[in-house]
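Participant: Next one to model:
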Amino acid sequence: MRPFLSLLLPLALLAACGPLPQPFRGNPGAEGRRLAAPPAYRIAVPSPSTALLSDVASSDFAVAVAEALEAAEVPAVAGPPAPLDWRLDISADREGQGVVPAYAVRDADGRVLGQARGASVGVAEWSQSTPDLLRKVASRDAGVVAGLLSRGEAARRASETVAFNGAGGPPRVRFTGVRGAPGDGNQALATRMREFLASQGLVVQDGADGAAFAVSGEITMAAGAARKQRVEILWKVSRRDGHDLGRALQLNEVPAGSLNGLWGDVAYVVAEEASVAVRDIIANAGGLGEAAARRDQPPAPPATVPPRAP
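Facilitator: Reported below is the predicted structural model:
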């Protein structure tokens, strides 16, 4: 038996999974009343690298665009996209005496959903890229981007009817894999995790289409005392609107170098324990439906899952 298996990883749920925010309760408005599901996306606005702006101005412009979209009631965040986020790519080209910003909306799988151009800005103004100018351009073009998003969302809804809470079937989960492991850990853990997530009643897929949740794994190895290595395995669970639902952390110390080759049964044990925590996080978010969440589950999952004997 490999040493790792004699010290099974205790697993802790790190993030609270309390009641979800309900901003529309009691006052949904005309649009809210027509929503059959929560927004299918959150739009991430990374700093543009081809917008003829300095690094600082690029970051400021991404923030300004995200804030302008939020003001237009579009869920947006500045920065790189989460696994299920849509993405707004910003670029700019010089045309005559002006600079024309351009916008492309991509879904979580990278497909272009729509493209549009803003109005021209004078070259001198754009080169100075003052915060006031960037906010002005962002506010002016927010309507253009919102139109792209609306058309992309309409097309998605026309081709896909997936209930957020899984009422029409098992919830679909985008699993983006594992990174950071030595040896064959990334591949072995990913394979086992897909198997165990499926055994927990989840539909696991690589792409984002139709997925209500996303799961990813990240491994950190650090030197420990007495020729040991500290292993930290972090599983992140997010919702399709970008909300971080919870995290599960597995910790242990193993003989240094013992995981540099094949993970074998270690991957099996780690994934078996982690899949239960992922299911609990999704269930606590209402993602399994009331009946499924109650089945074979305790009334309230413990903060820590005790290790089992091998």
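
Participant: can we go C-alpha only for contacts and neighbour counts from here?
Facilitator: Will do.

Participant: So which helix or strand of the protein has the lowest pLDDT on average?
Facilitator: Each helix and strand of the chain was given a mean pLDDT (mean pLDDT, DSSP states H and E); the minimum falls on helix 29-33 at a mean of 35.

Participant: Just name whatever secondary elements the helix or strand that that one is followed by is in contact with.
Facilitator: The element immediately downstream of helix 29-33 (helix or strand, assigned by DSSP states H and E) is strand 43-45. Counting contacts by 3 or more Cα pairs under 8 Å, 6 or more residues apart in numbering; DSSP states H and E, strand 43-45 is packed against helix 55-71, strand 76-78, strand 86-95.

Participant: what lines up beside strand 43-45 in the sheet?
Facilitator: Note on strand 43-45: by DSSP bridges, its sheet partners are strand 76-78 (parallel), strand 86-95 (parallel).

Participant: how about the first one: buried residues?
Facilitator: By neighbour count with 16 or more other Cα atoms under 10 Å, strand 76-78 contains the buried residues 76, 77, 78.

Participant: Please apply the same query to stretch 81-90.
Facilitator: Along stretch 81-90, these residues count as buried under the neighbour rule (16+ other Cα under 10 Å): 81, 82, 83, 84, 85, 86, 87, 88, 89, 90.

Participant: same check, this time on stretch 242-255
Facilitator: Buried residues in stretch 242-255, defined by neighbour count with 16+ other Cα under 10 Å: 242, 244-255.

Participant: ok, back up a step: please produce CSV containing the buried residues of strand 76-78, extended by distance to residue 136 and pLDDT.
Facilitator: Compiled in CSV, the buried residues of strand 76-78 are given as follows (distance: Cα to Cα, whole Å; pLDDT from 0 to 100):
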residue, distance to residue 136, pLDDT
76, 18, 91
77, 18, 93
78, 17, 95
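
Participant: between those residues, which is nearest residue 144?
Facilitator: In terms of Cα to Cα, no member of those lies closer to residue 144 than residue 76, at 14.5 Å.

Participant: how is this structure carved up into domains?
Facilitator: Dividing the chain into domains by automatic domain parsing, as the record does, gives the ranges 3-17+163-305, 39-159.

Participant: Least confident of the ones you listed, on average?
Facilitator: Per-segment mean pLDDT for those reaches its minimum on domain 3-17+163-305, at a mean of 79.

Participant: How far off centre is the host helix or strand of residue 219?
Facilitator: Mapping residue 219 onto the secondary structure by DSSP H and E places it in strand 213-223. Remark: strand 213-223 is offset 14 Å from the chain centroid, using Cα atoms, centre = their mean, to the nearest Å.

Participant: And it, what does it pack against?
Facilitator: The contact analysis (3+ Cα pairs under 8 Å, 6+ apart) places strand 213-223 against strand 172-179, strand 228-239.

Participant: Thanks a lot, see you next time.
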